[in-house]
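S.K.: no FASTA, just this:
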């Protein structure tokens, strides 16, 4: 399986080998084995902001059913101050009642004690099965181990410890040498949408040594995630635990313009999002659904999402069948008030071959080579405006069904 | 594979053996081999209303991309008069441009000539692949064959000729011996949502010898389909060709109350809908998702649909895993303004075992026996009102992926 190239970054080495969250100055991180996973693999990560700033912000799943860690962490970030993020795999701590919330709270307290910071400034993230409590003693012992292991080069270890069914750790960074000095953004992520067994969660921690205030950081994070993580859609499902945290140390002293900061953040998020899609369990194709010439961004997004969520279309791509009929059928499900377009004007191009022109068969579909390509680019020209939107997804495969049926608990 | 029992009808024999559209007086039907299918199996059906009334109405897919037959047939039913319905498998006649529309128009003309009725009163339905024209001569020769084969006992033949990947022909009827006399409703259907290769279409023809006017017929059909066909959802996809036609002959002379007529119609539609789910290609479980104690019908429907469309949940059921966490995660995706509820009050009961109570694990999931049951009943109690809504779906299986990847063209 050859992975498609990640988006370009200014990194001096491939993003796969990026130091991740410890590239920016002012951060330490670690990844250790607490014993939450039966496999004995690393399952607990810690990322600490040593300042001078301790700005933090986050975006969370919009699911109304959320894990105790999300309930806790929403409170933590509400004042714009975050000192550390503790993350565990091996259990999601969702639907676990008041005791589960106490587990999350107690974990933050343990981190606070170990680091000499307020528990109220510690974000907690958990991923794994829903409906089962985490073993508290194992969790707290893991916190101590992680605190002891903290290092200024611990980014890759932390990225490894949050893996669940991921096959590779995911890190990225972006460095800017600008008017106000050199500053950078680093990040790590795990999970591939909800492709993995038992509701795998998308967790992401991003760090920066740029000097930005809480309001700027929050706006930038919302914009960056809206254009990246919100536009990958493996299977249309939405986790109870998705969390993206941004920590700002300001250690570089550089004060970038908000637009430049947002762009760097977006670059790192796009890189990580692309890595998540490329590592989606059970997928054999990464599919970029691009809607061209939409009336509005929202219209394009609605059409792209509709196609990206079609089981029929995604199963066809698995079968290396450039089935543009299934694309058109999905496009047609979007209501006219959401996306105005004339179905008889639509063109569909798959990996460079215009298989449908003006709503009808055009170039022969056998010209489309899907079998030798992991990456599939589907361009849908609505001829209804000038907006362009891309959503990434995967094909629907036997391995997806296998992962989510045979091996779930 | 043992099929679950169909809903009760007043039929004196099992609905599988129902005469279908020719049970009510005033109708003839046929099913023949025109040669559209490479397999040589029957591929063209004709249903004729010999009156005295020639009332007709229909509901069509809400997809904005529709086949030429749908464009044609919408015009036909607009005046409330329908003399005949001609249906073919072996090609959907979708995305075929003006020539495709001419093919549909010409088919109606051929039926009109053969029967001595107006082409403008002939509904045309096609199902099969998108984007390829039908061979016109084969189509027209098939019309003549079908007209020659018409008989007052041709219902089962017609039901057989519209099958695509269906494994059994689907017919149903409901007879009422009421105050105003004996009257009945008969019906046939094909297709299982969009579970079959290349956009299999749900087509349905219903006949009645009750004496009802066009307005009553239309209202009754909309209500009956809203509560039946609109509540089966195999894979969340929406066809370009779905059509349900109702023909009224009035031959019994009985004039039922609109409510009684609607109830009979709903019974036949429910029976056929249940048969469609039971025969969904690639499915190993039929799943009834029932939302209890919803605030409104719309709220319950939104929650039921969200669960019925979750690939993760449906793959878990395939694996005989009563994964209530995946149910809760889907329930939580419904916005609060659509369905008000408190996630911490939700109970989930699967085949009689309350695996989740008040948003937390309750009875052990191993008590749920799914492996020996084709039918799975998931009850989600929102504790937010008194409305109850059921949506039927299927599990997501290896066979589904296989059907829709390996064998598509």
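M.R.: Perfect, thanks for sending it. Note that the coordinates shown come from a computational prediction; the quantities given were computed from them, not determined experimentally.
S.K.: switch to C-alpha atoms for all contacts and neighbour counts from now on
M.R.: OK.
S.K.: pLDDT weak spots in the stretch 1-150 of chain A?
M.R.: A:1-16 (pLDDT under 70).
S.K.: Between the two ends of stretch A:140-156, what distance do you get?
M.R.: 22 Å (Cα to Cα, to the nearest Å).
S.K.: List the buried residues of it.
M.R.: A:140, A:142-147, A:149-156 (16 or more other Cα atoms under 10 Å in any protein chain shown).
S.K.: do the same with stretch A:79-87
M.R.: So for stretch A:79-87, counting by 16+ other Cα under 10 Å, buried means A:80, A:81, A:82, A:83, A:84, A:85, A:86, A:87.
S.K.: Strands - which of those residues land there?
M.R.: Of the buried residues of stretch A:79-87, the ones assigned to strands by DSSP state E are A:84, A:85, A:86, A:87.
S.K.: And those residues, which is closest to chain B?
M.R.: Nearest to chain B out of these is residue A:87 (Cα to the nearest Cα; 20.6 Å).
S.K.: which SS state does the closest residue to the closest one other than its chain neighbours fall under?
M.R.: In this structure, residue A:87 finds its nearest non-sequential neighbour in residue A:125, 4.6 Å apart by Cα to Cα, 6 or more residues apart in numbering or on different chains. Here residue A:125 takes the strand state, with states given by DSSP: H, G, I helix; E, B strand; the rest coil.
S.K.: Wait, residue A:125 touches residue A:86, no?
M.R.: Yes: Residue A:125 is within contact range of residue A:86, at 6.3 Å (criterion: Cα atoms under 8 Å).
S.K.: Which strand or helix spans residue A:291?
M.R.: strand A:286-294 (DSSP states H and E).
S.K.: likewise residue A:204?
M.R.: strand A:203-208.
S.K.: What are the contacting residues of the helix or strand following that strand?
M.R.: Downstream of strand A:203-208, the next assigned helix or strand under DSSP H and E is helix A:214-227. If you take Cα atoms under 8 Å, 6 or more residues apart in numbering or on different chains as the criterion, helix A:214-227 is touched by A:55-59, A:80-81, A:246, A:248, A:258, A:261-263, A:265-266, A:269-270.
S.K.: Give me the ChimeraX select line for the residues you listed, limited to the buried ones.
M.R.: Buried residues within the contacts of helix A:214-227, by 16+ other Cα under 10 Å, are selected in ChimeraX with:
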select /A:55,56,57,58,59,80,81,246,248,261,262,265,266,269,270
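S.K.: Sort out for me which of the contacts of helix A:214-227 are in strands.
M.R.: The strands, defined by DSSP E, take in A:55, A:56, A:57, A:58, A:59, A:246, A:248 from the contacts of helix A:214-227.
S.K.: filter those by proximity to chain B?
M.R.: Among the ones in strands among the contacts of helix A:214-227, no residue is within reach of chain B (Cα under 8 Å from any Cα of the partner chain).
S.K.: Let me know the closest of these to chain B.
M.R.: Nearest to chain B among these is residue A:59, at 16.1 Å by Cα to the nearest Cα.
S.K.: contacting residues around the closest one?
M.R.: A:221, A:222, A:243, A:244, A:245.
S.K.: what is it paired to in the beta sheet?
M.R.: Per DSSP bridges, the residues bridged to residue A:59 are residue A:244.
S.K.: what's the spacing between it and residue A:37?
M.R.: Residue A:59 is 26 Å from residue A:37, by Cα to Cα.
S.K.: Assess the claim that residue A:382 and residue A:349 are in contact.
M.R.: No: using Cα under 8 Å, residue A:382 is not in contact with residue A:349; the gap is 11.6 Å.
S.K.: who has more neighbours, these two?
M.R.: The neighbour comparison of residue A:382 against residue A:349 (other Cα atoms under 10 Å in any protein chain shown) goes to residue A:382, with 28 against 21.
S.K.: Could you find the closest non-adjacent residue to the more buried one?
M.R.: For residue A:382, ignoring the flanking residues on the chain, the nearest one in space by Cα to Cα, 6+ apart is residue A:346 at 5.0 Å.
S.K.: Now the one you found: phi and psi?
M.R.: Backbone geometry at residue A:346, expressed as degrees, to the nearest 10, gives phi -70, psi 130.
S.K.: residue contacts, it?
M.R.: Counted by Cα under 8 Å, 6+ apart, residue A:346 has contacts A:356, A:357, A:358, A:359, A:380, A:381, A:382, A:383.
S.K.: For my notes, confirm residue A:173 occurs in a strand.
M.R.: Yes: under three-state DSSP, residue A:173 sits within a strand.
S.K.: so what does the helix ranked longest in chain A touch, helix or strand wise?
M.R.: Assignment by DSSP state H gives helix A:258-278 as the longest helix of chain A. Counting contacts by 3 or more Cα pairs under 8 Å, 6 or more residues apart in numbering or on different chains; DSSP states H and E, helix A:258-278 packs against strand A:170-178, strand A:181-190, helix A:214-227, strand A:387-394.
S.K.: Same list (these) but as a markdown table, adding mean pLDDT, distance to residue B:365 and mean neighbour count.
M.R.: As requested, those are exported to a markdown table (pLDDT from 0 to 100; distance: least, Cα to Cα, whole Å; neighbours: other Cα atoms under 10 Å in any protein chain shown):
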| stretch | mean pLDDT | distance to residue B:365 | mean neighbour count |
| --- | --- | --- | --- |
| strand A:170-178 | 94 | 34 | 23 |
| strand A:181-190 | 96 | 28 | 26 |
| helix A:214-227 | 95 | 37 | 18 |
| strand A:387-394 | 92 | 31 | 25 |
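S.K.: In JSON lines: the ones you listed, plus distance to residue A:325.
M.R.: Formatted as JSON lines, the helices and strands packed on helix A:258-278 follow (distance: least, Cα to Cα, whole Å):
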{"stretch": "strand A:170-178", "distance to residue A:325": "36"}
{"stretch": "strand A:181-190", "distance to residue A:325": "34"}
{"stretch": "helix A:214-227", "distance to residue A:325": "28"}
{"stretch": "strand A:387-394", "distance to residue A:325": "18"}
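S.K.: mind checking which of those is nearest residue B:291?
M.R.: Across the helices and strands packed on helix A:258-278, the minimum distance to residue B:291, taken as Cα to Cα, is reached by strand A:387-394, at 30.1 Å.
S.K.: Going by neighbour count, list what's buried in whatever helix or strand comes next after that closest one.
M.R.: Note on strand A:387-394: by DSSP H and E, the next helix or strand toward the C-terminus is helix A:398-405. Using 16+ other Cα under 10 Å as the test for burial, helix A:398-405 gives A:398, A:400, A:401, A:402, A:403, A:404, A:405.
S.K.: pLDDT and distance to residue B:328 added to those residues, as CSV?
M.R.: As requested, the buried residues of helix A:398-405 are exported to CSV (pLDDT from 0 to 100; distance: Cα to Cα, whole Å):
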residue, pLDDT, distance to residue B:328
A:398, 84, 25
A:400, 79, 21
A:401, 80, 20
A:402, 79, 21
A:403, 73, 20
A:404, 74, 16
A:405, 74, 17
